[in-house]
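Peer 1: structure of the sequence below:
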Amino acid sequence: MKFRNYLEQRLNGIYAKYAQKRFEHIYLNYLKNNKYFEESVFLIRLTPVQATQYYNKLKTKLHSKTSKHQRIGMVLIIAGWALFHMGSYSYDLWVDAHQPKTELGPNNSLMITPEQVNRVNPGVVMEREFLQNSSAIGIIDFNQDHTVPVFTPYQGRIGKVMVEAGDEVKVGQVLYTVMSPDLAQAASTLLATAGILKMSNETLKRAKDLYDARSISLKEFEQNGSDQQTAQASYQAALKTIGLFGLSEVQIQKILSGRKIDTEMPVLSPVTGRVISRSAAPGLLVQPGNAPAPVTVSNAMNLWMVASVPESNIGKYRVGQSVNVKVQAYPDKVYSGSIVYIGDASDPVTHRIILRANVVDEGHDLRSQMLADFNVVLGESIPSPAIPTKALVRESDGSFSVWVTTPGGTQFTKRTVQVGEIQEDYAQILDGLRVGEVIAQTNALFLSNLFVNLH
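Peer 2: Numbering: from 1, shown residues only. Reported below is the predicted structural model:
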């Protein structure tokens, strides 16, 4: 009866369910084939009244089939096994009750576990130099002051194309040639007037000698002089006409000395730079000023960065201010330049004003129409408290907050801060933090979510 009462007391309450599962486990794995334990295990599944009936039945069988020492041994084994597992379960409950827990603290604070502290990486607020910048987004464009569309100076068909897009060219380099019948006509007229002028000069000289010898009349002498002046005027007109085709003095003298008419004339580059576009092709009919230009040359080392800024900020900018430009293609590179133009009018729809800066690109990395971030340096850098951007949490009202703690502490307090510039993944703190304070440097949003969930 004592054992029955012991089982009824111990199997009631908090340990009843746990003990039942443990007895079933032992039965299925170790005692199922033992006929003396088979019926005793089922007592755990029954109510106290049913268990008493089975206990009496088991007692009768045990007394009839086992000795007193065997019965005492089985009771001790079962009791010891039950006490051991109930003790283990109690220890687990005690450990769980004394483990550090995440809970709310006073004044918008949060108590977290040491593992969670390591996760947020507490660190000291440092002081950094922050440039006084103004940021905007713009595009890269060719410098129109150093970009020349090279049109043909005369109508005709392209004979040869000497360059490809992307080629570097120098001043005076041949870009393409044009076969022009108008040029042939102008050269022919030049040669004809040059011959007439030569003959008129010789005729006038002979006429002067004859007039001095009184062999011809004054009228004939004056007529020869008039013919020479007419020839001279025709020759000068022919020179002007052929000069309109863009030929140099050397090329014109070559035509006169060689008396050879070449209808295929070269078109030369007026600047040093890179061929940024080429629409020329052999046989293409071209005319002066007819877009698109057969070849366009630009100085690709000197580019423009064009951006639009709110008209309310225009007072910050001055011509000559330094500019740092970055593009997504090369995030680690900074291209320097300076503002050269501030727009004279604001867009009536967007109320933004154009800014233009010259940017130096010695490596030819940048391309026209690339998106670019640019920072205009407004003044000297200033020292300020700085924290990693991962330590900031943007609240629903647009403000920023951080989680402040003490060295080695597990209590973190939420604090609102005022943020200034963000440079190189660090945020400038204008108000709310001092240098030397300890904050959660990473996973600050994790702490904010814990704080909300515990409310």
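
Peer 1: can you tell me how far residue 105 is from residue 434?
Peer 2: As judged by Cβ to Cβ, to the nearest Å, residue 105 and residue 434 stand 21 Å apart. Backbone N, C-alpha and C define where each C-beta goes, glycine included.

Peer 1: more neighbours: which of the two?
Peer 2: Higher neighbour count among residue 105 and residue 434: residue 105, with 14 against 9, using other Cβ atoms under 10 Å.

Peer 1: just give the closest residue to the more buried one, not the sequence neighbours.
Peer 2: Of all residues not flanking residue 105 in the chain, residue 111 sits nearest, at 5.0 Å (Cβ to Cβ, 6 or more residues apart in numbering).

Peer 1: need the pLDDT of that neighbour.
Peer 2: Per-residue pLDDT puts residue 111 at 87.

Peer 1: how about residue 380?
Peer 2: 77.

Peer 1: so what's it up against?
Peer 2: Residues in contact with residue 380 (Cβ atoms under 8 Å, 6 or more residues apart in numbering) are residue 132.

Peer 1: now it: phi and psi?
Peer 2: Main-chain dihedrals, residue 380, degrees, to the nearest 10: phi -70, psi 150.

Peer 1: from what I can see residue 239 touches residue 255, true?
Peer 2: No - with contact defined as Cβ atoms under 8 Å, residue 239 does not reach residue 255; the gap is 10.6 Å.

Peer 1: residues touching stretch 179-187, excluding its own?
Peer 2: The contact list for stretch 179-187 (Cβ under 8 Å, 6+ apart) reads 154-159, 238, 241-242, 244-245, 255, 261-265.

Peer 1: drop anything exposed from these.
Peer 2: Neighbour counting by 16 or more other Cβ atoms under 10 Å classes 154-159, 238, 241-242, 245, 255, 263, 265 among the contacts of stretch 179-187 as buried.

Peer 1: find residues that contact each of residue 239 and residue 255.
Peer 2: Both residue 239 and residue 255 are contacted by residue 190, under the criterion Cβ under 8 Å, 6+ apart.

Peer 1: lowest-pLDDT helix or strand in this structure?
Peer 2: None of the helices or strands of the chain scores lower by mean pLDDT, DSSP states H and E than helix 2-10, at a mean of 47.

Peer 1: residue 235 contacts residue 193, doesn't it?
Peer 2: Yes - counting by Cβ under 8 Å, residue 193 is a contact partner of residue 235 at 4.2 Å.

Peer 1: name the SS class of the residue lying farthest from the centre of the chain, please.
Peer 2: Using Cα atoms, centre = their mean, the residue of the chain lying farthest from its centre is residue 214. It sits 93.9 Å away. Three-state assignment for residue 214 (DSSP: H, G, I helix; E, B strand; the rest coil): coil.

Peer 1: just the one 10 residues further on next, same as before
Peer 2: With three-state DSSP as the basis, residue 224 sits in helix.

Peer 1: got it, and residue 262?
Peer 2: Secondary structure, three-state DSSP: residue 262 is coil.

Peer 1: name the SS class of residue 445, please.
Peer 2: Judged by three-state DSSP, the three-state class of residue 445 is helix.

Peer 1: the nearest residue to residue 454 once chain neighbours are set aside sits in which helix or strand?
Peer 2: Of all residues not flanking residue 454 in the chain, residue 104 sits nearest, at 5.1 Å (Cβ to Cβ, 6+ apart). In the assignment (DSSP states H and E), residue 104 maps to strand 103-105.
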